[in-house]
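**Q** This is a predicted model, with the sequence first.
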Protein chains: 2
Amino acid sequence: MLLDTEQLNRNIAEIQEKLDSGDIPAAVRIAARLSNRRLVDIISEAPKETALPFLEALGPVRSARVLSYLLEELAVELLQELNSEFVQEVFIEMEDDEIADIILHLPEDERDKYWALIPNEYKDDVEEIVTYEEESVGAYMEKDFLTGFKDDLVKDAIDMLSKARGEIDNTDYIYVINEDDKLLGVVSVQELAFAARNERLENIMTVKVHVARVNEPAIEAARLMKYRKFKLLPVLDLQDRLVGVMALHEAIDLLSEELAEDFVSISGASAEESYFTPPKDAIKMRLPWMAANVFLNLGAVAVISTFEDTIAQVAILAAFIPMITDMGGNVGIQALSVSIRSIALGEVQIDDVKRVLRKELSIGLINGLALGSLFAIIAYILQREPMIGLIAGIALGFNVIVAGVVGGTIPFLIKKIGKDPAMMTGPVLTTITDITGVTIYLGLSTIFLWQLLA
Amino acid sequence: MLLDTEQLNRNIAEIQEKLDSGDIPAAVRIAARLSNRRLVDIISEAPKETALPFLEALGPVRSARVLSYLLEELAVELLQELNSEFVQEVFIEMEDDEIADIILHLPEDERDKYWALIPNEYKDDVEEIVTYEEESVGAYMEKDFLTGFKDDLVKDAIDMLSKARGEIDNTDYIYVINEDDKLLGVVSVQELAFAARNERLENIMTVKVHVARVNEPAIEAARLMKYRKFKLLPVLDLQDRLVGVMALHEAIDLLSEELAEDFVSISGASAEESYFTPPKDAIKMRLPWMAANVFLNLGAVAVISTFEDTIAQVAILAAFIPMITDMGGNVGIQALSVSIRSIALGEVQIDDVKRVLRKELSIGLINGLALGSLFAIIAYILQREPMIGLIAGIALGFNVIVAGVVGGTIPFLIKKIGKDPAMMTGPVLTTITDITGVTIYLGLSTIFLWQLLA
């Protein structure tokens, strides 16, 4: 039986129908044919009134799987409305790292309440994970992995492996440790398959093992895993003891989040802000940057104030100001996005800034000429005033060149001094292009004012 | 021996030193201790004059690995300067999908020249991959995978696996096929390890197999793989024959690129544009959007023209126009980025637009009040004119509210009608906020003009 997407979607539609009509028992019966991951989809899209009784009817074992695959924020929202006895049963079925994830996503004043529901034998492990620094490997590692001793035989390892499947997620490798939990080597399942059943693990293990430390940034470990195509990375504590593993799916999520953060921070929004950030935190994250931006913008105010007399004489000049500043801002952000993308995806070295400069300069020249000419014609048609059209067109064209060059190269320059190339570059860039735009425009207008007044 | 990052970096620094001083043989000697992936780093950062002789000195086997791990654009740049005999030897050592990747990244007028260098026995497979549609599973699949027949024994499979290692990348699964290449089931290496050596594959294979089709969009297959944590996905042609596999690392790259494209297209830049896009193509991609934006901006021009008389009487009003439009644009893009991020990372359902609306409204109210007040005070200090300060502050505050609400909800609304939520939303949004900003500002100014002139 080949599982085509189509076939699966039929089952999902069926369940959704039953849920909509309130027939929970029927939904649970169909759910028996679906994987936990499919149920996650269904629960994510269902309204809470349906999701909650459906979870309870699925029972603690499946609910534990579904809740741990759900986005943490959503899982926590649901858990907070389930009754305590059920949550307790769910916790029994969860892994320690999954419980830790839930606890970390609870509001601080509710953590104690849920802490009491964790089975006592899990509390130590959960506490360990919870206490690691937020972005460290320790906070992302999983604590279920397989270990053996160097004198263990291949057949024992295979036995252990076959018992562990289903219970433990990370069964691609067996880590060989000594009595002090020090890591001596690693045996992959593939190697187990080839080896003679009576061979000792010591004789088939690989002793060159890449490791991460609990206190390292998790994103570094994730990059290493992606880059080297590792499925699993053993994690050592500061005493060199094996305490966990970092799984590839965790690495993939971390890398996606980081990529998104790079782009979000272009706009000066906090890299941490998401759909789930409460408004009061979002305000704290956005307001300071925007207040700073008010001061940045005083540059443009100052420039225009200088030309107050020009505007007083030819008021219509003001009409084209937003056109010139908006186009400069947009062209700049365009070039900026392309550069940030290339840096974030690792397509480019920092030293390539010269090539980017040449590229943006030639794009800017052509686009500036084209857009400037277009605008000159439009401005002339609107105002029947060839000089205003010409000046506005030149200012726009020139601003497009400046915006492209500055926008395209800024991320490289920021990266070169070792900072995050995306942070707040958008608002700073648009302020720069505002200032250059109005300076050129009103400057030219003032010089040629006698023409305009003629 | 635990491989800490530090230790490895020392070797890399050593090689770079040798390369800088032109001592290629010494660099090759140290390279013998480094993995191919590390060499990729070194080659990426080395200038071409050094990279080319270094590759030749490494020989075709290692060069083939290094070139196939390099970003395709860079690999092609290097290949084009290596001599034909060496390229021919390199192609012998490459996989068919790797050669196809190179061919696809060559300029069209050079493809024939390199086609002639491909070993004849590879040409059919390479041609097959090259001819699939650009974004389809067929174009991304790999053609090296393991197959067996249902009557094969576990011990034969293990034999095959142990011979294939090093030769073939994708050895996590053995696909069980019939004489017509139809897929019957799959056996993981783990299952091989547990099974009795004389068992037939038929008895241990899993028959529920997720598959992708050659003509499906590759990104869909990548999403499925990430979501279900698959390491490998078998690919069937339209006659249901097994013709390839999609590997997880390919899926991860596809997902990262897609995420980046979502964000880049906010700015109206083409999702396809990267650092390697030649300027003439970049112009073709950017110019039409920006020209369209000129016309969009005429809205703001029209509004300001309407208020020409007001500006003629109080020219200093013009000074605050860029401040109001720029702040609106930036706040809007901020809210937009956060929403696009949440949609792209799958944190949010489209129906959640109401929640976003409420969130942005409350953020906008507070931020609008704060920023508007700040600006009113600054404007007053600058102009000593309480009325201008008040009007500018109110306009800015109001524009911040509008910008946040429109920016935050636009991606949801576009997604709802089934379009790409990011495409060109940035320039459209800034035009909307330009228009609302100047309308409120100049409208209020006109109404209270008698105050300003008093």
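**A** That came in fine, so what should we check first?
**Q** Residues of the stretch 351-454 of chain A that sit close to chain B?
**A** By CB under 8 Å from any CB of the partner chain, the residues of the stretch 351-454 of chain A that approach chain B are A:352, A:355-356, A:359, A:362-363, A:366-367, A:370-371, A:374-375, A:378, A:382, A:400, A:426-427, A:430-431, A:434, A:438. Where C-beta positions appear, they are placed from N, C-alpha and C, glycine not excepted.
**Q** in which helix or strand would I find the closest residue to residue A:214 other than its chain neighbours?
**A** If the residues on either side of it in the chain are set aside, residue A:214 comes closest to residue A:138, at 3.6 Å by CB to CB, 6 or more residues apart in numbering or on different chains. If you go by DSSP states H and E, residue A:138 is part of helix A:137-140.
**Q** Where do the strands of the stretch 1-150 of chain A begin and end?
**A** Secondary structure of the stretch 1-150 of chain A by DSSP state E, counting those that start in this stretch: the strands cover A:2-3, A:145-148.
**Q** Select from those the stretch with the lowest mean pLDDT.
**A** Comparing mean pLDDT across the strands of the stretch 1-150 of chain A, the weakest is strand A:2-3, with a mean of 54.
**Q** Tell me which of the residues of the stretch 351-454 of chain A next to chain B fall in helices.
**A** With DSSP state H as the criterion, helices contain A:355-356, A:359, A:362-363, A:366-367, A:370-371, A:374-375, A:378, A:382, A:400, A:426-427, A:430-431, A:434, A:438 from among those.
**Q** could you flag which of those residues are buried?
**A** A:356, A:359, A:362-363, A:366-367, A:370-371, A:374-375, A:378, A:382, A:400, A:426-427, A:430-431, A:434, A:438 (16 or more other CB atoms under 10 Å in any protein chain shown).
**Q** remind me, longest strand of chain A?
**A** As assigned by DSSP state E, the longest strand anywhere in chain A is strand A:170-177.
**Q** element containing the residue in the stretch 51-200 of chain A that chain B sits nearest to?
**A** Per CB to the nearest CB, residue A:193 is where the stretch 51-200 of chain A lies closest to chain B, at 4.0 Å. Using DSSP H and E, the element containing residue A:193 is helix A:189-194.
**Q** Please compute how far the very next helix or strand once past that helix lies from its chain's middle.
**A** Later in the chain than helix A:189-194, the nearest helix or strand by DSSP H and E is helix A:201-204. Counting by CA atoms, centre = their mean, to the nearest Å, helix A:201-204 is centred 40 Å from the centre of its parent chain.
**Q** Tell me the first helix or strand C-terminal of helix A:201-204.
**A** Scanning forward in sequence from helix A:201-204 by DSSP H and E, the next helix or strand is strand A:209-210.
**Q** Quick one: list the elements packing against whichever strand or helix holds residue A:226.
**A** When elements are defined using DSSP H and E, residue A:226 is found to belong to helix A:218-228. Under the contact criterion of 3 or more CB pairs under 8 Å, 6 or more residues apart in numbering or on different chains; DSSP states H and E, the helices and strands touching helix A:218-228 comprise helix A:137-140, strand A:212-213, strand A:232-236, strand A:242-247, helix A:248-264.
**Q** can you tell me how far residue A:442 sits from residue A:303?
**A** Counting by CB to CB, to the nearest Å, the gap from residue A:442 to residue A:303 is 7 Å.
**Q** ok, the two, which is more surrounded?
**A** When residue A:442 and residue A:303 are compared for neighbours, residue A:442 comes out ahead with 24 against 20, by other CB atoms under 10 Å in any protein chain shown.
**Q** Return the helix or strand in chain A with minimum mean pLDDT.
**A** Sorting the helices and strands of chain A by mean pLDDT, DSSP states H and E puts strand A:2-3 at the bottom, at a mean of 54.
**Q** Where does the prediction get shaky in the stretch 151-300 of chain A?
**A** Low-confidence regions of the stretch 151-300 of chain A, defined here as pLDDT under 70, cover residues A:268-271.
**Q** Residue A:348 in helix, strand or coil?
**A** Here residue A:348 takes the coil state, with states given by DSSP: H, G, I helix; E, B strand; the rest coil.
**Q** Check whether it really touches residue A:340, as I assumed.
**A** No. Taking CB atoms under 8 Å as the definition, residue A:348 is not a contact partner of residue A:340, at 10.4 Å.
**Q** Looking at the two, which is more packed in?
**A** More neighbours surround residue A:340 than the other of residue A:348 and residue A:340, with 30 against 25 (other CB under 10 Å).
**Q** The helix or strand that contains the more buried one - contacts with which helices or strands?
**A** Using DSSP H and E, residue A:340 sits in helix A:321-344. When contacts are defined as 3+ CB pairs under 8 Å, 6+ apart, helix A:321-344 sits against helix A:248-264, helix A:353-383, helix A:386-416, helix A:425-447, helix B:248-264, helix B:279-306, helix B:321-344, helix B:425-447.
**Q** what angle separates it from helix A:353-383?
**A** Relative orientation of helix A:321-344 and helix A:353-383, computed by axes from the mean of the first three to the mean of the last three CA atoms, to 10 degrees: 160 degrees.
**Q** For helix A:321-344, list the C-alpha coordinates in PDB.
**A** Coordinates of the C-alpha atoms in helix A:321-344 are reproduced here as PDB (Å, rounded to 0.1, in the frame of the first residue of the first chain):
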ATOM      1  CA  ILE A 321       8.500  64.400  -1.600                       C
ATOM      2  CA  PRO A 322       6.800  61.100  -0.600                       C
ATOM      3  CA  MET A 323       7.300  59.700  -4.100                       C
ATOM      4  CA  ILE A 324      11.100  60.300  -3.900                       C
ATOM      5  CA  THR A 325      11.500  59.000  -0.400                       C
ATOM      6  CA  ASP A 326       9.200  56.000  -0.800                       C
ATOM      7  CA  MET A 327      10.900  54.900  -4.000                       C
ATOM      8  CA  GLY A 328      14.400  55.300  -2.400                       C
ATOM      9  CA  GLY A 329      13.200  53.300   0.700                       C
ATOM     10  CA  ASN A 330      11.700  50.500  -1.400                       C
ATOM     11  CA  VAL A 331      14.700  50.100  -3.700                       C
ATOM     12  CA  GLY A 332      17.000  50.200  -0.800                       C
ATOM     13  CA  ILE A 333      15.100  47.500   1.100                       C
ATOM     14  CA  GLN A 334      15.000  45.400  -2.000                       C
ATOM     15  CA  ALA A 335      18.800  45.400  -2.400                       C
ATOM     16  CA  LEU A 336      19.100  44.900   1.400                       C
ATOM     17  CA  SER A 337      16.800  41.800   1.300                       C
ATOM     18  CA  VAL A 338      18.800  40.200  -1.500                       C
ATOM     19  CA  SER A 339      22.100  40.700   0.300                       C
ATOM     20  CA  ILE A 340      20.800  39.500   3.700                       C
ATOM     21  CA  ARG A 341      19.300  36.400   1.900                       C
ATOM     22  CA  SER A 342      22.700  35.600   0.300                       C
ATOM     23  CA  ILE A 343      24.500  36.000   3.600                       C
ATOM     24  CA  ALA A 344      21.900  34.000   5.600                       C
END
